[in-house]
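*Asks:* I would like the atomic coordinates for the input below:
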Amino acid sequence: MPFNNAAERALRGLALGRKSWLFAGSDRGAARAAVMYTLIVTAKLNDIDPQAWLADVLARIADMPQSRLHELLPWTWKATRAENQAA
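*Replies:* Predicted structure coming up:
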């Protein structure tokens, strides 16, 4: 039973927002909302504060060469940040 309750709690935010997402304004707006939701949930699944991660990524992405964009992925970002804090 504990697994079922955890799964239901995880889906609650998705279910509550569903009605609001009907008013995304356009297909393009809905696609952007889906991308943002995916980024936030991915950060949460990697035990990262989504706001801190997104703020850092948005600040650094313009100056980052394409060959190093993988460094901004949540799991790599978390490891790099831990190394920097330990140093």
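*Asks:* low-confidence ranges in this protein?
*Replies:* Low-confidence segments of the chain, defined by pLDDT under 70, span residues 1-4, 6-7, 10-11, 13-23.
*Asks:* can you list the domain ranges for it.
*Replies:* As assigned by automatic domain parsing, the chain contains the domains 1-45, 47-87.
*Asks:* need those in a markdown table with mean neighbour count, can you?
*Replies:* The C-beta positions use only the backbone N, C-alpha and C, and glycine is treated the same way. Below are the domains of the chain laid out as a markdown table (neighbours: other CB atoms under 10 Å):
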| stretch | mean neighbour count |
| --- | --- |
| domain 1-45 | 11 |
| domain 47-87 | 12 |
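*Asks:* Could you list the residues in contact with the particular helix or strand that has residue 79 in it?
*Replies:* Using DSSP states H and E, residue 79 maps to helix 74-86. Helix 74-86 is contacted from outside by 42, 43, 45, 46, 47, 48, 53, 56, 57, 70, 71, using CB atoms under 8 Å, 6 or more residues apart in numbering.
*Asks:* from those residues, which single one is nearest residue 30?
*Replies:* residue 42 (18.7 Å; CB to CB).
*Asks:* Give me the spatial nearest neighbour of the closest one, chain neighbours excluded.
*Replies:* With sequence-adjacent residues excluded and distances taken as CB to CB, 6 or more residues apart in numbering, residue 42 is closest to residue 74, at 5.5 Å.
*Asks:* And that neighbour, how close does it get to residue 8?
*Replies:* With the distance defined as CB to CB, to the nearest Å, residue 74 ends up 24 Å from residue 8.
*Asks:* Just the C-alphas of the helix holding residue 79, formatted as PDB.
*Replies:* Below are the C-alpha coordinates for helix 74-86, written out as PDB (Å, rounded to 0.1, in the frame of the first residue of the first chain):
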ATOM      1  CA  PRO A  74      20.400  17.500 -14.000                       C
ATOM      2  CA  TRP A  75      22.400  14.400 -13.100                       C
ATOM      3  CA  THR A  76      25.700  15.900 -14.400                       C
ATOM      4  CA  TRP A  77      24.900  19.300 -12.900                       C
ATOM      5  CA  LYS A  78      24.300  17.800  -9.500                       C
ATOM      6  CA  ALA A  79      27.600  15.900  -9.600                       C
ATOM      7  CA  THR A  80      29.600  19.000 -10.800                       C
ATOM      8  CA  ARG A  81      28.000  21.200  -8.200                       C
ATOM      9  CA  ALA A  82      28.900  18.700  -5.400                       C
ATOM     10  CA  GLU A  83      32.500  18.600  -6.600                       C
ATOM     11  CA  ASN A  84      32.700  22.400  -6.700                       C
ATOM     12  CA  GLN A  85      31.300  22.700  -3.200                       C
ATOM     13  CA  ALA A  86      33.700  20.100  -1.800                       C
END
